[in-house]
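when you get a sec, could you give me coordinates for this:
(chains A and B)
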Amino acid sequence: MKKVKFFTNFDHEEQWLNEMARQGYALVGKSFAYEFAQVQPENSNYRMDYRIFKTRQDFEDYKVLFEDSGWTHIAGTKSSGSQYFKQTGEQEIEDIFSDVDSKAARYKRISDMWLSLACCFIPLFAVLISTDAIDVTAFIKPKLLYYTPGLWDMNGGQFWQAFLFETPFAFFRGFTWLIIPVMILVYAIFAYKAKKQYQNTQQGR
Amino acid sequence: MNRDKNLPLTETVYYILLALLEPAHGYLIMQKVEELSAGQVRMAAGTLYGAVENLLKQKFIQPVHSEDSRRKVYAITDGGREILRHDYERMRHMLEMTNTIMG
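Numbering: from 1, shown residues only, chains lettered A, B, ... in the order given. Below is the predicted model of the structure:
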């Protein structure tokens, strides 16, 4: 079974995965969607870390360390960031972190990632503005976005047909660039949320 | 007094450095730390990984050649030995003072 869901909080994501396992769905993979296998309902302990690795060897060493300590690496790749683990051993330690600082640090890492993503789009946005690729007059005079000759002199059905036909094109012509500031904003919000969570975790909340 | 800004070391870092006087890989470090601390310091995998990463950045430990292709092996550096020695002196002084006053 596949399921698409989006989290900005690792603790909630872990709880959800454990809840899914109690209902008989064990996480087996994660790409865009979560992939679950149907199993006997079980009390599992899923935990998450957030790390991106420079080399394949670093990633291997990381996974082996967790396996040695009783955690199976379920999902995550060298550059996916999110790493999913499931407790296999009967060890006493029930978390992959043993102090609040390291538990909080994963939020710092994901926050930095969102922030750098947001920053990546800023120069692009600046270029669009400085080359006058963005036509702000479209907000004031959307009529200018319609290129059909004589459109505004047409009447009745003929007008509506031509108008509605061209509207999607006019919209793309005028507002596609909006995707960029929206993305910058969304990434910045994610970065802010993760930063807040980082501070909360550090203070033991 | 001009003291090294890395002092005092945390209990965990102190034990990791102590453990790495002999080369060891990640899981072995965790076991050694637990043993050296008489079971007081039990590190989880994610925490150890982050601690090792920081110590590498500070150049207190370094990767050394390993027979095991899957596990990286680390050992203390000269800088690491020095900071360990300084922290030891710091704590010894504290113990001496405590002993003198509390007897």
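
residue A:7 - nearest residue in space that isn't next to it in sequence?
residue A:13 (4.1 Å; Cβ to Cβ, 6 or more residues apart in numbering or on different chains). (C-beta placed from N, C-alpha, C; glycine too.)

which element is the one you found on?
helix A:10-22 (DSSP states H and E).

before we move on, what about residue A:113?
helix A:100-130.

who are the packing partners of that helix?
If you count contacts as 3 or more Cβ pairs under 8 Å, 6 or more residues apart in numbering or on different chains; DSSP states H and E, helix A:100-130 packs onto strand A:46-51, strand A:81-87, helix A:179-202, helix B:45-57.

ok, now how distant is residue A:68 from chain B?
4 Å (Cβ to the nearest Cβ, to the nearest Å).

that residue contacts residue B:31, correct?
No - using Cβ atoms under 8 Å as the test, residue A:68 is too far from residue B:31 to be in contact (9.4 Å).

quick one, which of these two is more surrounded?
residue A:68 (18 against 15; other Cβ atoms under 10 Å in any protein chain shown).

tell me how far the residue nearest to the spatial centre of chain B lies from residue A:123.
Closest residue to the average C-alpha location of chain B: residue B:17 at 2.4 Å, with Cα atoms, centre = their mean. According to Cβ to Cβ, to the nearest Å, residue B:17 stands 43 Å off from residue A:123.

again with residue B:88
50 Å.

got it, and residue A:35?
Counting by Cβ to Cβ - residue A:35 and residue A:123 are separated by 36 Å.

which of those two has more residues huddled nearby?
residue A:35 (16 against 9).

quick check, that one in contact with residue A:29.
Yes - under the criterion of Cβ under 8 Å, residue A:35 makes contact with residue A:29 at 3.9 Å.

how about the strands in chain B?
B:24-25, B:61-64, B:73-76 (DSSP state E).

and chain A, which of those strands is closest to it?
strand B:24-25 (7.8 Å; Cβ to the nearest Cβ).

so which bits of chain A are right by chain B?
Counting by Cβ under 8 Å from any Cβ of the partner chain, the residues of chain A close to chain B are A:47, A:49, A:57-58, A:60-62, A:64-66, A:68-69, A:71, A:92-93, A:95-99, A:102-103, A:105-106.

what's the closest of the strands of chain B to residue A:112?
strand B:61-64 (23.9 Å; Cβ to Cβ).

which neighbouring elements make contact with the closest one?
helix B:45-57, strand B:73-76.

output the ones you listed as a markdown table; include the columns mean pLDDT, distance to chain A and mean neighbour count.
A markdown table is the format used below for those (pLDDT from 0 to 100; distance: least, Cβ to the nearest Cβ, whole Å; neighbours: other Cβ atoms under 10 Å in any protein chain shown):
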| stretch | mean pLDDT | distance to chain A | mean neighbour count |
| --- | --- | --- | --- |
| helix B:45-57 | 96 | 4 | 20 |
| strand B:73-76 | 97 | 10 | 20 |
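
dump the residue contacts of the closest residue to residue A:46 other than its chain neighbours.
The shortest distance from residue A:46 to any non-neighbouring residue, by Cβ to Cβ, 6+ apart, is to residue A:17 (4.0 Å). Contacts for residue A:17 (Cβ atoms under 8 Å, 6 or more residues apart in numbering or on different chains) come out as A:27, A:34, A:44, A:46, A:84.

I figured residue A:42 hits residue A:19, correct?
No - Residue A:42 lies out of contact with residue A:19 (Cβ under 8 Å); the separation is 11.6 Å.

just the buried subset of the residues of chain A next to chain B, written out for ChimeraX, thanks.
Buried subset of these, written as a ChimeraX selection, criterion 16 or more other Cβ atoms under 10 Å in any protein chain shown:
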select /A:47,49,60,61,62,64,65,66,68,69,71,93,95,96,97,98,99,102,103,105,106
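
so which of the residues of chain A next to chain B are in helices?
A:57-58, A:60-62, A:64-66, A:68, A:102-103, A:105-106 (DSSP state H).

in a markdown table, list those along with distance to residue A:117 and pLDDT.
Below are those laid out as a markdown table (distance: Cβ to Cβ, whole Å; pLDDT from 0 to 100):
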| residue | distance to residue A:117 | pLDDT |
| --- | --- | --- |
| A:57 | 26 | 93 |
| A:58 | 22 | 94 |
| A:60 | 26 | 96 |
| A:61 | 27 | 96 |
| A:62 | 23 | 97 |
| A:64 | 30 | 97 |
| A:65 | 28 | 96 |
| A:66 | 27 | 96 |
| A:68 | 33 | 94 |
| A:102 | 24 | 94 |
| A:103 | 23 | 95 |
| A:105 | 19 | 96 |
| A:106 | 17 | 96 |
